[in-house]
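# I would like the atomic coordinates for the input below:
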Amino acid sequence: MSAIGDQISAILWNIWNRPKLVDLIDILLLTFILYELLVHVRQTRVSQTIKGIIILLLATWLSEVLGMRTIHALLSWIINAGPVLLIVLFQSEIRRILEELGNNSVFDASAYLTQKDNTDQVIEEMILALEHMARRRVGALIVIENRTHLDDVIATGTRVDGIVSQPLIENIFEPNTPLHDGAVVVRGDRVISAACLLRLSDTTGVGRDLGTRHRAGLGVSEVSDATVFIVSEETGIISKAERGQLVRHLDAASLRKILHGIYDSQVKDNRVPLLHFRQRRQTAHDEQPTDKKA
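This next block holds a predicted model:
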């Protein structure tokens, strides 16, 4: 009878304390946070860790049910120390998520209006540079910044701050030149820095035929949302690293599709300052001295 009374009391309590507006907002916010976390950890090593945590929780519960006190005590100790271990192991992923949240802020004063007309020229210049370097088998590593700012990477290189163009990119990666060894960071339509140092990926899934350049491209894509283009010096193959995934054998059509996806998204979100590319080039051309015939 006491159990029935408890059930009736619980029903009456739920009726009396119906969900309020703030409770619905709380549930929606929690759902949104969980969804964003799942989106960020998808196809990364964090997703594998989550599976391991679920298995660990099930093993802890099963050891308690079966009365395995020693194993249960050990597993319980691991679970209690879990939050600290997760922060230590996945500090780079946590940092990337926090940076993306900060860069998505509506109070971000660094957002600029962009013009779609400027993107076409930037994309074509970059494709020409990548294809030409691939034909000549000149190694290249180009990092296109997206939401996550790469100021720490930019600080490791040499400041360039030049308009994206085929001659500029090819000249930077020309062998035996001061800036060819390292990565180029592109922000909007500007080559911000060259000869930048990138952390190498520690993933074990990279093929033995891929060298340091590909591992560096994967490394920066694992800790940011940047898109990285790599030109192999040995084979001339153009590859893309994004979200810790490597896609190889890119041609002009696939490069154009990927770059349009990047820059069209930046234009739509008004996130990256694409300056007036064509206007600046025309202005620079007009300012050049001309020899008038007598």
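# Quick one: find the helix or strand in the protein with the lowest mean pLDDT.
Sorted by mean pLDDT, DSSP states H and E, the helices and strands of the chain end with helix 277-287, the least confident at a mean of 45.
# Is Val185 in a helix, a strand, or coil?
What DSSP: H, G, I helix; E, B strand; the rest coil gives for Val185 is strand.
# Return the set of residues that bridge with it.
With DSSP bridges as the criterion, Val185 is bridged to Val143, Ser193.
# need the helices for the chain, in chain order.
For the chain, the helices defined by DSSP state H cover 2-16, 21-41, 45-65, 69-80, 82-89, 91-103, 117-136, 151-154, 166-173, 212-223, 252-269, 277-287.
# which residues of this protein score low on pLDDT?
1-20, 39-48, 89-90, 92-117, 204-209, 269-294 (pLDDT under 70).
# 90 instead, please
1-57, 59-61, 63-120, 146-152, 188-189, 199-212, 222-225, 243-244, 263-294 (pLDDT under 90).
# I'd like to know which of the helices of the chain is closest to Gln245.
Nearest to Gln245, of all the helices of the chain, is helix 212-223, at 7.6 Å by CB to CB. Just so you know, the C-beta spots here come from the backbone N, C-alpha and C atoms, and that holds for glycine as well.
# got the angle between that closest one and strand 183-187?
40 degrees (axes from the mean of the first three to the mean of the last three CA atoms, to 10 degrees).
# Give the other helices and strands that helix 212-223 contacts.
Applying 3 or more CB pairs under 8 Å, 6 or more residues apart in numbering; DSSP states H and E, we find helix 212-223 packed against helix 91-103, strand 140-144, strand 183-187, strand 227-231, strand 238-242, strand 245-247.
# let's see 10 Å
Packing partners of helix 212-223 (3 or more CB pairs under 10 Å, 6 or more residues apart in numbering; DSSP states H and E): helix 91-103, strand 140-144, helix 151-154, strand 183-187, strand 227-231, strand 238-242, strand 245-247.
# nearest to Val22, of the ones you listed?
In terms of CB to CB, the element of these nearest to Val22 is helix 91-103, at 22.8 Å.
# on that earlier part again, okay, the helices and strands packed on helix 212-223 in TSV with mean neighbour count next?
Below are these laid out as TSV (neighbours: other CB atoms under 10 Å):
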stretch	mean neighbour count
helix 91-103	15
strand 140-144	24
helix 151-154	16
strand 183-187	25
strand 227-231	25
strand 238-242	22
strand 245-247	16
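# Redo these as CSV? Include distance to Leu29.
Shown next, in CSV, are the helices and strands packed on helix 212-223 (distance: least, CB to CB, whole Å):
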stretch, distance to Leu29
helix 91-103, 14
strand 140-144, 32
helix 151-154, 30
strand 183-187, 32
strand 227-231, 30
strand 238-242, 29
strand 245-247, 30
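# How much space separates Ile172 from Ile258?
Separation of Ile172 from Ile258 (CB to CB, to the nearest Å): 21 Å.
# okay, those two: which has more neighbours?
Set Ile172 next to Ile258 and count neighbours by other CB atoms under 10 Å: Ile172 wins out with 22 against 19.
# List the residues that contact that one.
Taking CB atoms under 10 Å, 6 or more residues apart in numbering as the criterion, Ile172 is in contact with 129, 140, 142, 158, 160, 162, 178-180, 182, 184, 191, 194-195.
# Try it again at 6 Å.
Applying CB atoms under 6 Å, 6 or more residues apart in numbering to Ile172 gives the contacts 179, 184, 194.
# Could you do Val160 as well?
With CB under 6 Å, 6+ apart, Val160 has these contacts: 191, 193-194.
# what's the closest of these to Thr31?
Ser193 (40.0 Å).
# doesn't Arg187 make contact with that closest one?
No - between Ser193 and Arg187 there is no contact under CB atoms under 6 Å: 9.0 Å.
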